[in-house]
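Asker: Provided below are the primary sequence and the corresponding predicted coordinates.
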Amino acid sequence: MISKEYILNEDVQKELTEKIKELIRDSNPEINPSMSSFKDLKKNLYSTIREELSNDTRNTDEQLQYLNIFETAISVFKTAAPKIREAMDLDTLDHVLASQKNATKGLMEKDKEEDKEIPEFELKKDISDAEFFSNRYALHFAGELGLALLNEKKSKTKNRFSFGTDYDTSRKVDALTKKLSVQTMGDLSTIIEDLKKENKKITDDDLKKTLTSVFTAWSQQFNWDVLKHIAEKRGIQDLTLKYENFSINKGEFKTKHTNVRIDDRIMNVHKEDVIGAEGTYNDGDPKLGTVIWNNLKLLSAYDHELGYNPHKPASVIFTFGAPGSGKTFISHAYLRSFAEHCQKIGLPMWVLKHSTTDYASEFQNKTANELAKLADEIKRFPGIVIGYVSDADNIFLSRKKNLSPEQSNTLNIYLQMFDGQLIPKNGKVMWVMDANYIEGIDEATRSRLFDYVVEMKRFEAANDFAKFSKMSITKGVEKGIIKISDKQWMDVGNYLLKTPLSVREVGQVLNKIVSSTYVLPDSMIGAPTAEHAKYRADFLKNINPTMIKEQTNAYIQTRANISEASRRAKYEDGAERFLEHLNKEKNNAATK
């Protein structure tokens, strides 16, 4: 018996990034012209969804999500089928068969008539059975995985997918993959036509229902008990196939249920959305993204059963910088990316967001008790924990004030949570704290609590501003609409580097350009979505470096005017108070 385990992650990812979309685009009814039900279909699944569900505009987020699941499922099939054949050692059977064919050339004609007695027949059957098994088993895995990714149970359909007699024993995985796409397109087309006949609206949920039925049919076409004799004969009855946290062994599909908790208040952004957060500043100080990510990797080594981490990850990372410097955005992006990666690989973890002001407001004089409960929950959680604490300076600056007994108790609980008294510093828990300023937090507190102190600084390179500008302007816009060259983006970056604006302020300017610098005419009210999309696209075509600079200059001038008005108001208010004071002095003198 061969006890093997194939992890498909890398091969599936390669399919997803290089070839699978191309195969789906090339999939069309011409693969099997006899299938008359496909005669009115669009060329491929992508165009069918876009034209029928999106009115020839951009796909919705739900459509993209469902398409990604479909792409993943057929990539798993395309990758798994050859791996199963490899485990069965079909290459050796092929070589033996070739040798047998040569050996039978000298047989007498009457011997050939009794072909069943010749070993060649058995070899052919073994090969055919192995090919059949590999395709069916791989498709079963893909179907179960698709349902898991959709988070759906099997539909009530009794359909069982079949490649057909010409393809059931085929090793041409590209052709088989195309057939899967064609069949899915056909099922979706049938549902669409039925809905049209009933004058019902076609929704994204119909796409999800179609995929649920498709994946169910893929799963139901295989029965381990019926076909396990093939696996046993080839010695692969203990073969395990794995993709991310999904696996199949002896026909049993499993999901590695991991306890991964992501606080809803963690923004839905990822480290790929961040510009200029890795590496070091010009003075050699490490940037926040690098510090967080490196320590998260160290944290991942923690073993809950042993209560041990062979590394020494930071327990507290404190970051500070002016409002708009990106502290929150960067922290959330790296924490969410790490959490979602943990979901994929099956690593238990909990990322939580903690607001000191919200906590105190919600629990008031019970805050200390609730904090102690939180600390206990963190200790009992069966995995690593990362906490994000906003406005952390509120905690430490309050030490200098006259506190009530309740407030003092709450402050002490906070300090004990972070310094290792309540929650051991054993490589299980990491806190990422932020504040606008570090001044006022005494050195004793810093050395007692903070393993890393990271100052958030403005972008120091024009290239970072160029990347940030390009991403902000072009995100979600169809490629080719905004015609600004890389050289022009760099020119914009050089310009923005010289302005006094923070990264957040630059982002506000760029967002305004793509969202609110054009006005819809009244005639567009009630116009089809496609016309609105075209109107916006026509505007976006006009965006150029000059417009970006002009809008930035206008923002800077407005900010300067507001600042001057505030200064004048403060000055005039001070002058009036001074005059009022003089008048009081004058009146006091007159009464003497």
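Answerer: In hand now; what should we look at?

Asker: what residues are up against the nearest residue to L90 once chain neighbours are set aside?
Answerer: Nearest residue to L90 in three dimensions, chain neighbours excluded: A130, at 5.6 Å (C-beta to C-beta, 6 or more residues apart in numbering). In short, each C-beta sits where N, CA and C put it, glycine included. Counting by C-beta atoms under 8 Å, 6 or more residues apart in numbering, A130 makes contact with R85, M88, L90, L93, I230, R234.

Asker: in contact with the first one, which residues?
Answerer: Counting by C-beta under 8 Å, 6+ apart, R85 touches A130, E131, S134, R171.

Asker: for those residues, which two are the farthest from each other?
Answerer: The span of the contacts of R85, defined through C-beta to C-beta, is set by A130 and R171 at 10.1 Å.

Asker: could you export the contacts of A130 as CSV, including secondary structure and pLDDT?
Answerer: Converted to CSV, those look like this (DSSP: H, G, I helix; E, B strand; the rest coil; pLDDT from 0 to 100):
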residue, secondary structure, pLDDT
R85, helix, 92
M88, coil, 91
L90, helix, 86
L93, helix, 82
I230, helix, 93
R234, coil, 89
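
Asker: which of those sits closest to M547?
Answerer: R85 (57.8 Å).

Asker: how close does the closest one get to S404?
Answerer: Using C-beta to C-beta, to the nearest Å, R85 is found at 73 Å from S404.

Asker: before we move on, what about K498?
Answerer: Taken as C-beta to C-beta, the span from K498 to S404 is 50 Å.

Asker: cool, I345 as well?
Answerer: Taking C-beta to C-beta, one finds I345 at 47 Å from S404.

Asker: so between those two, which is more surrounded?
Answerer: Between I345 and S404, counting by other C-beta atoms under 10 Å, I345 is the more crowded of the two (13 against 9).

Asker: separation between the more buried one and H354?
Answerer: In terms of C-beta to C-beta, I345 sits 26 Å off from H354.

Asker: I438: neighbouring residues, count only.
Answerer: I438 has 16 nearby residues by other C-beta under 10 Å.

Asker: and it, what are its phi and psi?
Answerer: phi -110, psi -20 (degrees, to the nearest 10).

Asker: again, but for L45
Answerer: The phi/psi pair for L45 (degrees, to the nearest 10) is phi -60, psi -40.

Asker: which helix or strand contains the closest residue in space to it that isn't next to it in sequence?
Answerer: Leaving aside its sequence neighbours, L45 sits nearest to M185 (C-beta to C-beta, 6+ apart; 4.6 Å). Per DSSP states H and E: M185 is located in helix 173-197.

Asker: could you point out which element follows that helix?
Answerer: Downstream of helix 173-197 (by DSSP H and E), the next one is helix 204-220.

Asker: mind listing what's buried along that following helix?
Answerer: By 16 or more other C-beta atoms under 10 Å, the buried positions in helix 204-220 come out as 204, 206-220.

Asker: between those, which is closest to L8?
Answerer: Nearest to L8 among those, with distances taken as C-beta to C-beta, is W218, at 16.3 Å.

Asker: who touches stretch 334-354?
Answerer: Contacts of stretch 334-354 (C-beta under 8 Å, 6+ apart): 244-245, 256, 258-263, 265-272, 274, 277, 289, 292-293, 296, 300, 304, 374, 378, 381-390, 432.

Asker: verify the contact between F161 and A217 for me.
Answerer: Yes - counting by C-beta atoms under 8 Å, F161 touches A217, with 4.3 Å between them.

Asker: ranges for the helices of the stretch 1-150 of the chain?
Answerer: For the stretch 1-150 of the chain, applying DSSP state H, counting those that start in this stretch gives helices covering 9-18, 20-26, 45-53, 61-87, 90-103, 109-113, 119-150.

Asker: quick check: mean pLDDT of the last one?
Answerer: Spelled out, it's helix 119-150. Averaging pLDDT along helix 119-150 gives 89.

Asker: try stretch 212-222
Answerer: Stretch 212-222 comes out at a mean pLDDT of 93.

Asker: go on, stretch 302-311?
Answerer: On average, stretch 302-311 scores 90.

Asker: restricting to C-alpha, output it in PDB.
Answerer: C-alpha atoms of stretch 302-311 as PDB (Å, rounded to 0.1, in the frame of the first residue of the first chain):
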ATOM      1  CA  TYR A 302       3.100  29.300  19.100                       C
ATOM      2  CA  ASP A 303       1.900  25.900  20.300                       C
ATOM      3  CA  HIS A 304      -1.300  26.200  22.500                       C
ATOM      4  CA  GLU A 305      -1.000  22.700  24.000                       C
ATOM      5  CA  LEU A 306       2.600  23.300  25.100                       C
ATOM      6  CA  GLY A 307       2.100  27.000  25.900                       C
ATOM      7  CA  TYR A 308       5.400  27.500  24.100                       C
ATOM      8  CA  ASN A 309       6.800  29.600  21.200                       C
ATOM      9  CA  PRO A 310      10.400  29.000  20.200                       C
ATOM     10  CA  HIS A 311      10.700  32.600  19.000                       C
END
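
Asker: now it: buried residues?
Answerer: Across stretch 302-311, burial judged by 16+ other C-beta under 10 Å covers Y302, N309.

Asker: what comes into contact with it?
Answerer: L298, L299, A301, P348, P382, G383, I384, P424, N426, G427, K428.

Asker: if we go to 6 Å?
Answerer: Residues outside stretch 302-311 that contact it (C-beta atoms under 6 Å, 6 or more residues apart in numbering) are L298, A301, P382, G383, I384, G427, K428.

Asker: next, the fourth one: phi, psi?
Answerer: What that stands for is G383. phi 180, psi -170.

Asker: ok, the nearest residue to it once chain neighbours are set aside to L306 distance?
Answerer: Using C-beta to C-beta, 6+ apart and skipping the chain neighbours, the partner closest in space to G383 is P348 (2.8 Å). Remark: distance between P348 and L306 (C-beta to C-beta) = 14 Å.

Asker: hang on, the earlier thing: redo the helices of the stretch 1-150 of the chain as a markdown table? Include distance to L411.
Answerer: Supplementary listing: the helices of the stretch 1-150 of the chain in a markdown table, determined by distance: least, C-beta to C-beta, whole Å:
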| stretch | distance to L411 |
| --- | --- |
| helix 9-18 | 46 |
| helix 20-26 | 56 |
| helix 45-53 | 55 |
| helix 61-87 | 43 |
| helix 90-103 | 69 |
| helix 109-113 | 94 |
| helix 119-150 | 46 |
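
Asker: nearest residue to L510 in space, ignoring adjacent ones along the chain?
Answerer: L510 sits nearest to S472 (C-beta to C-beta, 6+ apart), 4.0 Å away.

Asker: buried stuff in the helix holding M185?
Answerer: Those would be 173, 176-189, 191-192, for helix 173-197 by 16+ other C-beta under 10 Å.

Asker: related to what we said a few turns ago, between the contacts of A130, which is nearest F121?
Answerer: So of the contacts of A130, ranked by how close each gets to F121 (C-beta to C-beta), first place is L93, at 13.2 Å.

Asker: check contacts around that closest one.
Answerer: Neighbours of L93 in contact, by C-beta under 6 Å, 6+ apart: I127.

Asker: so where's the protein shaky on pLDDT?
Answerer: 1-3, 27-42, 100-119, 158-159, 256-258, 357-367, 397-401, 563-592 (pLDDT under 70).

Asker: can you list the domain ranges for it.
Answerer: 5-28+40-254, 261-455, 462-557 (automatic domain parsing).
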